[in-house]
Every structure is written in structure tokens, then in C-alpha cells.
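Colleague: compute the structure for the input listed below.
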Amino acid sequence: MKDIQINQETEMANAIRALAMDAVQKANSGHPGMPMGMADVATVLFNRFMTIDPAAPKWPDRDRFVLSAGHGSMLVYAIHHLLGYADMDMDQLRNFRQLGSRTAGHPEYGHADGIEVTTGPLGQGIATAVGMALAEKMKNARYGNDNVDHFTYVIAGDGCLMEGISHEAIDLAGHLGLGKLVVMWDDNAITIDGDTNLSTSTDQQARFAAAGWHVSACDGHDMNAIAEAIEAARLDPRPSLIACRTIIGFGAPNKQGSHDVHGAPLGDAEIAAARKQLNWAYEPFEIPASIYDSWHQIAARGAHKRAEWEQRLSAEFQATEPCDTSALPGAIEAYKRKLSQDKPNVATRKASQMALEVVNTTLPFTVGGSADLTGSNLTKSSKMQSVTPQDFSGNYIHYGIREHGMAAAMNGIALHGGLKPYGGTFMAFADYCRPAIRLSALMGVPVTYVMTHDSIGLGEDGPTHQPVEHLASLRAIPNLLVMRPADAVETAEAWEIAMMSKDMPVMIVASRQNLPLQRTQHEAENLTARGAYLLRDPAKRDVTLIATGSEVEIAIAAADLLAADGINAAVVSAPCFELFEAQDKAYRDTILGTAPRVGCEAAIRQGWDLFLDREDGFVGMHGFGASAPAPALYKHFNITAEAIASQAKNLI
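Modeller: Prediction:
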């Protein structure tokens, strides 16, 4: 019986190899080596262990499969075609890497059913999978095995393990004991440049073991050895690494085992030789019915298990899984009314924590965290409980000094479903996690980033910690909302926008220094959602002052100085450039007016073209900051009401 199964699985694996060879050859572009080398491992994983239902690709209790080595995308496309995903017919494989196809060069979340995460930037897949496995543990602690009980499987390559983010990710996973995370390492000793010994001598198995993982190794072309390793991993309470020793391009007799097969088509002659070597007697893109039948049995098994799961599903799980945020706008509106009465003078990082008391009380599925800066980011509200290796029922994650790993894990938590994550660090360290932020935006995943200490206003820590170019660089990322609120009311509105978002990440940028409340008259509408709005609107406008965040206070003071000289200044608060750009032209024209303008932000001017013409003025930073108390720095860099007023007068 075992021999029959192995022969069947060999044919199933060879179908993956053939489709990978044919699709890459037809596209004249792609990476056939990894799919061919890992076809046996992937076949055993799906045939003997994976629980998925292609007819319900978003089924909450499905196993997750993450192809961290995303360059080998034809592996997952071939598998999805063979399983019978409705959107992955053979024409999609024939149009691999072509415009408009679902078979992009690297797997893209949202482009095809069953793609759990966008991969390609190496290391992001394994780090995101840590978040998925963590989400499974947290939801299992809430709802039990009847509702949540699945594995997260990863195929990773040498490049994934070389990238620095992998260390952050495996450290966190090992510390938390994420036992339902299984990583299958394509241990083929090859990278683009050649043998891995050109650039690394790391004992990866020892590294993972040191991080608290269960580690094993197997022959990646021995079906039973692969199965035994996966079964042992599933039974171990620790996260598992399986070092699968494989031959890259397995089956291509003249090129296998070489970096030549990594990222280029094999060529007609080598494909013909491979067909002979693999005893694959079928035309390009031809799969016999018997092999389809074998793969379809996996789908049928998954459909049966899904049906069983639906029968035992609890009402509580069904109520919370959709992450319904409809109750939040009313709660935030009532909270804003109270703020207008109390008029708090607080840093927006503190205002963020105050708003989180409302958010986390209203929405039971939020998950907070910080990269070892909880007391500075103020991301933990009063009733939150920490997630620990012994207890996953909490809702606050201590990510440690792992900004990049935190951002990727939050992507994984959001992609897993049923939880809405946010996490914080200092804004200067947004650079550390930028690749994961970019993927949040690319995938349209509603993760919330809390970036505090947002300017020279953080003071004495100096220029290494003072972000001056970061607002511009982050605003340059498409599909990311960057919000820099001016007071507690705008901060509350920013949190409402973040939590209501369904397809876009949000970054809330918060000050260290205290800021007075500007919105002292209650306004039910979420004005921050407009991106920019008039705080002061004189009947006759001589000049328009536009500011964000902590500099709105300075712009108001400048308007007072100008008024004393008989000059009427409108003041615009612009907490979110992206949302303002999305408004209709009539609204934008009303806000900006036709008078000369002066912008003010304790950052560089780049990116202000949305508000300012070339001849308009700007008060801000022109280089790096310095170490001194915040008031001294604002005066030293001439970010003052007097400087704004002076520029305004020169423009009139």
C-alpha cells in the first residue's frame, strides 16, 4: 500500500514539475528550480496533512500555506490548479507572468484564491506566518479546538533564512512556543550567485534550536521521510523547522543542482530531457485525469472537514469573526463631545492611549502591541492583558526590540482574520519595518501602525531619533494613510478611521510633547476623514496657513500675530494628505482658497506639493535635528509663529 501511495505521490509531484517547466518556458521568465526541487515536499504536505477547501478559500479554520520563497510561485499556482481552485484554470498557467493574469511573478494576496500573503521579498513570508500562527493560538484560547484548530505551514529557502527579519521572527515564535507553525526549509545549498558557501557558514539548524524550535532534517525526495518529519513536527509543542535536503531543479538531468536552474527557463532541450528523466510522457500543460483525481481527493477531504466544522461552530465565534466595527463611530462621537468639554492638554501619544480606551472597550477583537516601547508609545489601554507563552487569552503582545518582525507579524494576524492588530514604535524606526509596511499597503491589509516621538519635539535624544524625512517617505507609499493629528480630537478621529478601514493600512503619527485642544467646539463629523479642514476661516482671507500635528498650535499663534497687524489668516489643519487628495476638487479649492499659502511641519518640505505652489512659503526642517530640549530646538530651527508670520507677510 505504501508503494502505491509513493508512486501516486511521485506522479502528483511530477505534475508540479512539468507545469513549472512549461509555464516558465512559455513566459520566457521565472524560477523553475525551486518548484521542481520542492515538489515532493509540497505533494506530501498537501496529500497527507493539509486541510483546505478550494470551494471555500477563506474558510476560517483552514490550514495556512505560505510560500515564503515566493520566487518559486509556480509551485503554488500548479498546486492550486491541480486542486481545482475555480480561478486557476490552465489558461492562467499558460499566461504565467503576463499582464492581467492571476499568476503574477510572485504570489500576490488578493490576485488569486488561496494566496494567503504576498511573498517575494525574502523573509517576509516566514515572518508573516509567525503572525498567522500567533493569531491561531490567540483565537484558540478564546474559542477552543472546536472552532479554531489549524496549522500554519511555510516553505522557505536559503534567502528567507539569511534575511535579518528571519531572526526576529523565529526568536519571537520560539519564545511564544507557536507549536502549530511548521517551516520546511528548502535546503538545496544554492542561491543566485552559486553555492551558499560563497556567503554563509551559519548552521541554520543550530540557530533555530537556539531560538527554542524543534528541529529535524530529512531527504526532501523521500516521500515517507518527509511525512515522518512533518508528523513529528505536528506533535511537538514547539515551532518546527524541517531541513529538507533537496536538489534544485530536480528532474532536469543536465542542470539540476546548479544555480543555472534557479531563475531562468530550462530551454526546450533540457525540458525534453527532463520529461524523459521523470518518465513524463505528456505534452506541455497536459495533465492526465488520474493525477487530477488524486489532487481532487485532497479538496474533497477538506470540504468534508469544513462541513464538520460548520456543524460544531459556536455562536460566539460566528459573532466576532467578521470584526464588525459598526459600533465604533457612535462611541467615538460621544468621546469627542467629552473631549471638547474637558479640553485636555496632552501629547497625542497620550491622546492615542485615551482613544484606545474607547476603541478596545468597544471592539473586543483588537490586538495591541509595541516593540519594547509600551511605556513610551502608550499602546496598552487599562484593561488589556499580555499574551504570554503560558496564556494566549490576552490581547497585548510584547514584540520585543523587533520592529520589522512586529510589522510582519501584524500583517499575519490581520491576514489570518478575526483579529484587528495595531502596534507601536518610535517613528524614526519606521525605517526598520518599512518593507513590511509596504506589503501592508500592497496587500491592502488594515493594520494600524502607531509611530510616536514624531519630530524634533522629542528633544534630547537627538537627531538619531528625530524623524525629519520619514513623513515624506511614508507618504510616498501608495495605499497607506499617514495621519498626524494635532490634538486629542483629531487623534480619536484617526483611530476611528483606522479601525473602520477594510482595505488600507493606517499610520498614526503622534507627538511626545503636550498639545492643546484645538477643536473646542464639538463637531459630530469626523473632519480628519476629510484629510484637511479649516480651523479658522475669516470672512476675508489674505493668507492661508497650513500645518499638521504639533505645528498646528504654532500656525494658530502665527494667525494671532498676523491679526494684530490687520492681516486675515485662515488656518488649515491637514492631518492626512492622502485623504485630502481623495476629496473632490471643489472641496480642496474651498479649503486652500486663492490667497498665498505657508505650510508648517517639523519635517522636510518634500511631499507638500499637494498644498503648496513653488512660490508659497514653508517653515520646517532642512536637515537633521540636534540634541536639546524641544522648545530650544523649535527656536533654533526657526519653526516658530514669528517665522510663519514673516513668510506670510513677504507673500502678501
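
Colleague: now the closest residue to Leu633 other than its chain neighbours: how far from Ala626?
Modeller: In space, and not counting its chain neighbours, Leu633 is closest to Ile456: 4.5 Å by C-beta to C-beta, 6 or more residues apart in numbering. Where C-beta positions appear, they are placed from N, C-alpha and C, glycine not excepted. To Ala626, Ile456 is 8 Å away according to C-beta to C-beta, to the nearest Å.

Colleague: now do Gly194
Modeller: Gly194 is 47 Å from Ala626, by C-beta to C-beta.

Colleague: who does the residue nearest to Met427 when sequence neighbours are not counted bridge with?
Modeller: Spatial nearest neighbour of Met427, chain neighbours left out: Met451 (3.8 Å); criterion: C-beta to C-beta, 6+ apart. On the basis of DSSP bridges, Met451 is bridged to Thr425, Val509.

Colleague: need the contact list for Met451.
Modeller: Taking C-beta atoms under 8 Å, 6 or more residues apart in numbering, we find Met451 in contact with Gly424, Thr425, Phe426, Met427, Ala430, His470, Met507, Ile508, Val509, Ala510.

Colleague: try 7 Å this time
Modeller: Thr425, Met427, Ala430, Met507, Val509, Ala510 (C-beta atoms under 7 Å, 6 or more residues apart in numbering).

Colleague: may I see those organised as JSON lines, with neighbour count and pLDDT added?
Modeller: JSON lines is the format used below for those (neighbours: other C-beta atoms under 10 Å; pLDDT from 0 to 100):
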{"residue": "Thr425", "neighbour count": "29", "pLDDT": "98"}
{"residue": "Met427", "neighbour count": "27", "pLDDT": "98"}
{"residue": "Ala430", "neighbour count": "23", "pLDDT": "98"}
{"residue": "Met507", "neighbour count": "27", "pLDDT": "98"}
{"residue": "Val509", "neighbour count": "30", "pLDDT": "98"}
{"residue": "Ala510", "neighbour count": "28", "pLDDT": "98"}
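
Colleague: so which of the residues you listed comes closest to His167?
Modeller: Thr425 (17.3 Å; C-beta to C-beta).

Colleague: just confirm Ile397 is within a helix.
Modeller: No: assigned with DSSP: H, G, I helix; E, B strand; the rest coil, Ile397 falls outside any helix and is strand.

Colleague: mind listing what it touches?
Modeller: Val367, Gly369, Val387.

Colleague: ok, Met406 next?
Modeller: Per C-beta under 7 Å, 6+ apart, neighbours of Met406: Gly369, Ala371, Tyr399, Gly423, Cys433.

Colleague: I'd say the third one and Leu373 touch.
Modeller: No: with contacts defined as C-beta atoms under 7 Å, Tyr399 does not count as touching Leu373, sitting 9.5 Å away.

Colleague: neighbour-wise, which of the two wins?
Modeller: Tyr399 (23 against 20; other C-beta atoms under 10 Å).

Colleague: how about the contacts made by the more buried one?
Modeller: Going by C-beta under 7 Å, 6+ apart, the list of residues near Tyr399 reads Leu172, Gly369, Ser370, Ala371, Gly405, Met406, Ala409, Gly423.

Colleague: find the least confident helix or strand in the chain, judged by mean pLDDT.
Modeller: strand 190-191 (a mean of 88; mean pLDDT, DSSP states H and E).

Colleague: contacts for it next, please.
Modeller: Contacts for strand 190-191 (C-beta under 7 Å, 6+ apart): Asp158, Gly159, Thr196, Ile248, His259, His262.

Colleague: most neighbours of all those residues, which one?
Modeller: Ranked by the number of neighbours (other C-beta under 10 Å), the contacts of strand 190-191 place Ile248 first, at 28 neighbours.

Colleague: so what's the residue lying closest to Pro538 once chain neighbours are set aside up against?
Modeller: Nearest residue to Pro538, sequence neighbours excluded (C-beta to C-beta, 6+ apart): Asn568, at 4.0 Å. Asn568 sits next to Pro538, Lys540, Arg541, Asp542 when contact means C-beta under 7 Å, 6+ apart.

Colleague: likewise Pro485?
Modeller: Thr348, Thr491, Ala494, Thr528, Gly549, Pro575.

Colleague: about what we covered before: name the nearest of the contacts of Asn568 relative to Asn479.
Modeller: So of the contacts of Asn568, ranked by how close each gets to Asn479 (C-beta to C-beta), first place is Arg541, at 33.6 Å.

Colleague: gap between the closest one and Gln583?
Modeller: 19 Å.

Colleague: tell me the pLDDT at Ile6?
Modeller: Looking at Ile6, its pLDDT is 72.

Colleague: roughly how far apart are it and Ala281?
Modeller: In terms of C-beta to C-beta, Ile6 sits 20 Å off from Ala281.

Colleague: between those two, which one's more packed in?
Modeller: Ile6 (16 against 9).

Colleague: please name every helix or strand in contact with the helix or strand containing that one.
Modeller: Element membership for Ile6, per DSSP states H and E: helix 2-27. In this structure, helix 2-27 makes packing contacts with helix 33-48, helix 74-83, helix 90-94, helix 223-235, helix 268-278, helix 289-312, judged by 3 or more C-beta pairs under 7 Å, 6 or more residues apart in numbering; DSSP states H and E.

Colleague: which residues of the protein score low on pLDDT?
Modeller: The model of the chain has pLDDT under 70 over residues 1-4.

Colleague: let's see 80
Modeller: Judged by pLDDT under 80, the chain has its weakly predicted residues at 1-6.

Colleague: ok, Val44 - how many residues close by?
Modeller: 29.

Colleague: leaving out sequence neighbours, find the closest residue to it.
Modeller: Ile226 (4.4 Å).

Colleague: state the distance from that neighbour to Arg434.
Modeller: For Ile226, the distance to Arg434 - C-beta to C-beta - is 36 Å.

Colleague: out of the two, which sits in the busier spot?
Modeller: Neighbour count, other C-beta under 10 Å: between Ile226 and Arg434, Ile226 has more, with 24 against 17.

Colleague: just checking, the more buried one touches Cys218?
Modeller: Yes: in terms of C-beta under 7 Å, Ile226 counts as a neighbour of Cys218; the distance is 5.6 Å.

Colleague: now for these two: what residues contact both?
Modeller: Cys244.

Colleague: what residues of the helix or strand harbouring Ser340 count as buried?
Modeller: Taking DSSP H and E as the criterion, Ser340 maps to helix 328-342. Within helix 328-342, the residues scored as buried using 16 or more other C-beta atoms under 10 Å are Leu328, Pro329, Ala331, Ile332, Glu333, Tyr335, Lys336, Leu339, Ser340.

Colleague: ok, residues contacting that helix?
Modeller: With C-beta under 7 Å, 6+ apart as the criterion, helix 328-342 contacts 358-359, 362-363, 488-489, 492, 496, 499-500, 517, 519-522, 524.

Colleague: need the buried ones from those selected in PyMOL.
Modeller: Applying 16+ other C-beta under 10 Å to those, the buried members can be selected in PyMOL as follows:
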select buried, resi 358+359+362+363+488+489+492+496+499+500+517+519
